[in-house]
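Trainee: test case, fold it:
(one chain, ligands or ions: 1)
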Amino acid sequence: MPLILDGKKVRGEIAKTLRRKVEAFSPKPKLAIVQVGTNKESSAYVRQKKKFGESIGVLVDYLKAPEFITESELILKLKELNADSSVSGIIVQLPLPSALSVEKTINAIDPEKDVDGLTAVNEQLFKEGKPRFIPATARGIIELLEWYHLPLFDAKVAVLGRSKLVGAPTALLLKKKGALVTVCHSKTPNTKTITRRSDIIIVAIGKPKLITAEYIRRNRTQTVIDVGINARTEVGEAKLLEEIPRSVIVGDVDFDEVKDKVAAISPVPGGVGPMTVAALFENVVSAYEMQTVPV
Ligand code: NAD
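Mentor: Okay, the predicted model is just below:
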């Protein structure tokens, strides 16, 4: 069996550290999560974030906006949260209904409260090597690899997917750690050659079980990080991400086919998902500290 990179376990360890920090804070940090509409998957994600936040003593306001809220109404709501000094961090749960511009909405968040690190200002700071908030999934992936002491310096890493949310920031962080990164996208012609010669393969493409044994070198030396979360059927009434049955959620990697050919692999669920939640709250705690510690 390969080493299973257990994001739930690592999240538990991060929670202990965060809980100790938050215990000393008064008033408590607060995260506002804005969800537009009633997408069941999004609701399960948000409840998961709320549960984790509250478990470490952070206040979490779950604000539900109606599906047909206008862009200006949504932006006004975000401006109110920006002005509310009790709110340390703000996130807008994606995806948004197609009538709303993600860019305009996200950029309405005060960069000092943008704990997802997605505003243009924070993206630029991150690119310049002065990150204020590292996007949570990218931060979670690196923390998972580092927790298991998987070396990044000089490692050959293939990052499949180049989205602003996951692939691009993950590739950038890895480069800063000294990894030799190759980014592949949907039109890359020789992805299998690239993945086979890599030490670490990070998959964030949103294609259920696309990565099969063909993408893997056969000597059980590689590490595979599966970021994908794909619902095969309707998510149903799961209250939390972790309650969505394994039969419903699959990753981008065919876990059963790949697991015996690699040295280490992150499962779905239970790998990157929990790390993303933990990393988000690391950002919330940093936001609180930046806002309260006099400079
Ligand atoms: P996206 O659709 O924005 O981007 C997908 C990227 O994959 C694109 O850059 C595309 O070019 C690339 N791609 C598509 N097919 C490819 C292929 N065959 N080979 C190489 N690249 C290919 O998606 P996203 O927001 O980056 O999310 C990716 C996946 O990660 C989704 O399943 C999403 O649900 C999941 N996700 C998980 C977490 C988590 O916490 N675990 C967080 C965010 C997203």
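
Trainee: residues from this structure in reach of the ligand?
Mentor: 137, 160-163, 165-167, 184-186, 188, 191, 204-207, 210, 227-230, 272-273, 276 (Cβ under 6 Å from any ligand atom). Glycine gets a C-beta too; all of them are placed from N, C-alpha and C.

Trainee: now, of the residues you listed, which are buried?
Mentor: Among those, those scoring as buried are 137, 160-162, 165-167, 184, 191, 204-205, 210, 227-230, 272-273, 276 (criterion: 16 or more other Cβ atoms under 10 Å).

Trainee: in helices only, show me those.
Mentor: 137, 167, 191, 272-273, 276 (DSSP state H).

Trainee: tell me the one among these nearest to residue 18.
Mentor: Nearest to residue 18 among these, counting by Cβ to Cβ, is residue 276 at 14.4 Å.

Trainee: hang on, the closest one packs against residue 134?
Mentor: No: taking Cβ atoms under 8 Å as the definition, residue 276 is not a contact partner of residue 134, at 11.4 Å.

Trainee: tell me the one of the ones in helices among the buried ones among the residues of the chain next to the ligand nearest residue 118?
Mentor: residue 137 (11.1 Å).

Trainee: surely the closest one meets residue 173?
Mentor: No: counting by Cβ under 8 Å, residue 137 does not reach residue 173; the two are 10.5 Å apart.

Trainee: what does stretch 107-125 contact?
Mentor: Outside stretch 107-125, the residues that touch it by Cβ atoms under 8 Å, 6 or more residues apart in numbering are 31, 74-75, 78-79, 81-82, 87-92, 103, 106, 126, 131-136, 164-165, 169, 280, 283-284, 287, 290-291.

Trainee: and residue 16, what element?
Mentor: Assessed by DSSP states H and E, residue 16 sits inside helix 7-23.
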